[in-house]
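A.B. asks: got a sequence here, can you build the structure:
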Amino acid sequence: MRPTATALPILVLLACGPAPAPAPNTSSAPVVPEGDPKAPAAPATPPVAADARAAIGQPAPDFTLVDAEGKPFTLADHRGKLVVLEWFNPGCPFVKYAHGEGPLKGMAATEIAAGVVWVAINSGAPGKQGAGADASREGAKEFGMAHPVLVDDSGAVGHAYGAAKTPHVFLVDTAGVLAYAGAIDNAPIGEVDGGGAYVNHLAAALADVRAGRTVAVPETKAYGCSVKYAKG
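C.D. replies: Reported below is the predicted structural model:
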C-alpha cells in the first residue's frame with residue numbers, strides 16, 4: 001500500500017544539509033558530563049579495525065560500541081542471527097517521520113519478536129544535531145523504540161560501513177555477511193520516488209534472506225539527513 005504523502009517544508013530540508021565527513025577515527029570515548037550516572041563507558045579497545053570496510057557479500061566489519069544506557073554491544077556476539085543496523089539521529093526530520101508514522105513505526109519491534117537483532121547507531125559528533133547519549137535516550141523514548149541506540153561519536157563505525165544518511169540501514173545475515181545496504185524504502189517522507197508502487201527494501205531483503213535466496217536488490221541509495229560526523 002502506498003503511504004500518504006507528507007509536505008516537507010524548505011526549512012526542514014535545510015536542517016538536513018550536507019555535513020563534511022572526515023577520515024575514520026579509531027577513538028570512540030563518548031563525551032559526557034562528569035558524574036552522569038547514565039554515561040556510557042568507553043570501550044577498552046577501538047570500536048572497529050582502522051582498515052575495516054563494509055561491502056555487500058563480504059563479512060560485515062565487527063565492532064564494539066556502548067549504547068546510550070551504558071551497555072556494550074559487539075556485533076560478533078550475534079553471529080547466527082539476522083542483524084539490522086539503523087543509522088540514527090533523533091533530530092533529523094526523516095528519522096522523525098520514519099519512526100513517527102513511516103516505515104520504522106513498529107517494524108523493529110515486529111522483527112525483534114521474530115528473532116532479529118536490531119540496533120540503532122548514532123554517529124553524530126559531540127555538539128552536532130541529535131548527537132550523544134542523552135539525545136539518543138530522549139529520541140528512543142519519544143519514538144517508543146525498544147531496541148538500543150549505540151553511541152559512535154568518533155564516527156569510526158559509521159565510516160567503516162559507509163553510513164551517509166539518517167536513516168541508513170544495513171542487514172547482516174546469519175553468517176555475518178552484509179546482505180543489504182541502503183534506504184529503508186522508496187518513499188522519503190512518505191512520497192514514493194518517481195511515483196509507482198511502494199517498496200520496503202529492507203523488508204524485501206529480510207524476506208529473501210529468510211527464504212535462502214540471494215537478495216534481489218542488495219543495495220539502494222539511502223536518503224535522509226547527512227550523518228553529522230566530526231569535521232576533519
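A.B. asks: list the contacts for residue 58?
C.D. replies: Applying Cβ atoms under 8 Å, 6 or more residues apart in numbering, one finds that residue 58 lies in contact with 177, 178. From N, CA and C alone the C-beta is placed, and that goes for glycine too.
A.B. asks: surely residue 223 meets residue 94?
C.D. replies: Yes: shown here, residue 223 and residue 94 form a contact pair, counting by Cβ atoms under 8 Å, at 6.8 Å.
A.B. asks: which of the two has more residues huddled nearby?
C.D. replies: Under the criterion of other Cβ atoms under 10 Å, the comparison of residue 223 against residue 94 puts residue 94 first, with 24 against 21.
A.B. asks: excluding chain neighbours, give the residue nearest to residue 80 in space.
C.D. replies: Spatial nearest neighbour of residue 80, excluding adjacent residues (Cβ to Cβ, 6 or more residues apart in numbering): residue 174 at 5.4 Å.
A.B. asks: ugh, wrong one, I meant residue 121
C.D. replies: That would be residue 150: by Cβ to Cβ, 6+ apart, it lies 4.7 Å from residue 121.
A.B. asks: who does that neighbour bridge with?
C.D. replies: residue 67, residue 121 (DSSP bridges).
A.B. asks: look up how far residue 200 lies from it.
C.D. replies: 23 Å (Cβ to Cβ, to the nearest Å).
A.B. asks: so those two - more neighbours on which side?
C.D. replies: A direct count of neighbours by other Cβ under 10 Å for residue 150 and residue 200 places residue 150 higher, at 29 against 17.
A.B. asks: so what's that one scoring on pLDDT?
C.D. replies: pLDDT for residue 150: 98.
A.B. asks: now swap in the one 10 residues further on and tell me
C.D. replies: Per-residue confidence (pLDDT) for residue 160: 97.
A.B. asks: what's the answer for residue 146, then?
C.D. replies: For residue 146, the predicted pLDDT is 89.
A.B. asks: surely it and residue 109 touch.
C.D. replies: Yes: Residue 146 lies in contact with residue 109 (Cβ under 8 Å); the separation is 5.7 Å.
A.B. asks: between those two, who's got more neighbours?
C.D. replies: A side-by-side neighbour count of residue 146 and residue 109, using other Cβ under 10 Å, places residue 109 first with 15 against 10.
A.B. asks: for residue 116, which residues are in contact?
C.D. replies: If you count contacts by Cβ under 8 Å, 6+ apart, then residue 116 has 81, 82, 83, 84, 206 around it.
A.B. asks: what's the answer for residue 208, then?
C.D. replies: By Cβ under 8 Å, 6+ apart, residue 208 lies in contact with 179, 214, 215, 216.
A.B. asks: where's the dip in pLDDT among those?
C.D. replies: Lowest pLDDT among the contacts of residue 208: residue 214, 95.
A.B. asks: the residue nearest to residue 121 and residue 122: what is the separation?
C.D. replies: From residue 150 to residue 122 the distance is 7 Å (Cβ to Cβ).
A.B. asks: repeat that for residue 113.
C.D. replies: Residue 113 is 24 Å from residue 122, by Cβ to Cβ.
A.B. asks: the two: which is more packed in?
C.D. replies: residue 122 (30 against 9).
A.B. asks: my guess is residue 169 contacts residue 84. True?
C.D. replies: Yes: with contact defined as Cβ under 8 Å, residue 169 counts as touching residue 84 (6.2 Å).
A.B. asks: neighbour count winner among the two?
C.D. replies: More neighbours surround residue 169 than the other of residue 169 and residue 84, with 26 against 23 (other Cβ under 10 Å).
A.B. asks: so which of the contacts of residue 116 are in helices?
C.D. replies: With helices taken from DSSP state H, the overlap with these comprises residue 206.
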